[in-house]
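Asks: give me a 3D structure for the following:
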Amino acid sequence: MAARVGYRRIYDSPTPQDGKRVLVDRLWPRGVSKEKAALDEWLRDVAPSTELRRWYHHDPERYDEFRRRYFAELEDPGHRAALERLRGLSAGATVTLLTATKDVDHSEAAALAQWLNDS
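Replies: So this is what the prediction gives:
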């Protein structure tokens with residue numbers, strides 16, 4: 001059974017449609033308490049490297065190249081355990097990847113959701 005992996009901002013209120021809520025940012029979002037976040041997991045090890053995040057700097061014109069580089073990073077052994085955990089959470093269940101990024105459609109959460117839904 002294929003899971004549906006979606007994404008949204010962590011600052012949005014949780015909904016029952018979120019299913020499992022997983023934060024995929026490397027850093028904890030400002031102004032969000034652990035209670036308000038209502039997380040099931042925080043998988044910071046699936047986040048892009050600091051170097052890649054700084055290079056991208058959330059520039060939509062760089063998004064396609066960011067995705068290509070991020071997907072290449074996801075193949076590294078350092079991401080393996082976190083990706084396996086994420087795949088386990090999404091096995092037959094709805095998962096929502098959360099990020100603090102303002103432009104959520106050009107975020108690592110959107111890229112990761114695509115990657116998971118396509119694999």
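Asks: can you give me the strands in the protein?
Replies: 5-9, 20-23, 41-42, 95-99 (DSSP state E).
Asks: now mean pLDDT and mean neighbour count too, for those, in JSON lines please.
Replies: C-betas here are computed from N, CA, C, even on glycine. Shown next, in JSON lines, are these (pLDDT from 0 to 100; neighbours: other CB atoms under 10 Å):
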{"stretch": "strand 5-9", "mean pLDDT": "96", "mean neighbour count": "20"}
{"stretch": "strand 20-23", "mean pLDDT": "96", "mean neighbour count": "22"}
{"stretch": "strand 41-42", "mean pLDDT": "95", "mean neighbour count": "17"}
{"stretch": "strand 95-99", "mean pLDDT": "97", "mean neighbour count": "25"}
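Asks: now these as JSON lines including distance to H57?
Replies: Formatted as JSON lines, those follow (distance: least, CB to CB, whole Å):
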{"stretch": "strand 5-9", "distance to H57": "18"}
{"stretch": "strand 20-23", "distance to H57": "21"}
{"stretch": "strand 41-42", "distance to H57": "23"}
{"stretch": "strand 95-99", "distance to H57": "15"}
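Asks: out of the ones you listed, nearest to Q114?
Replies: Judged by CB to CB, the one of the strands of the chain that comes nearest to Q114 is strand 5-9, at 8.6 Å.
Asks: looking at the strands of the chain, which is nearest to S49?
Replies: Closest among the strands of the chain, once you apply CB to CB, is strand 95-99, at 15.6 Å.
Asks: report the distance from that closest one to the chain centre.
Replies: 6 Å (CA atoms, centre = their mean, to the nearest Å).
Asks: nearest to E84, of the strands of the chain?
Replies: Using CB to CB, the strands of the chain put strand 41-42 closest to E84, at 12.3 Å.
Asks: which other helices and strands does that closest one contact?
Replies: Judged by 3 or more CB pairs under 8 Å, 6 or more residues apart in numbering; DSSP states H and E, strand 41-42 is in contact with strand 20-23, helix 80-90.
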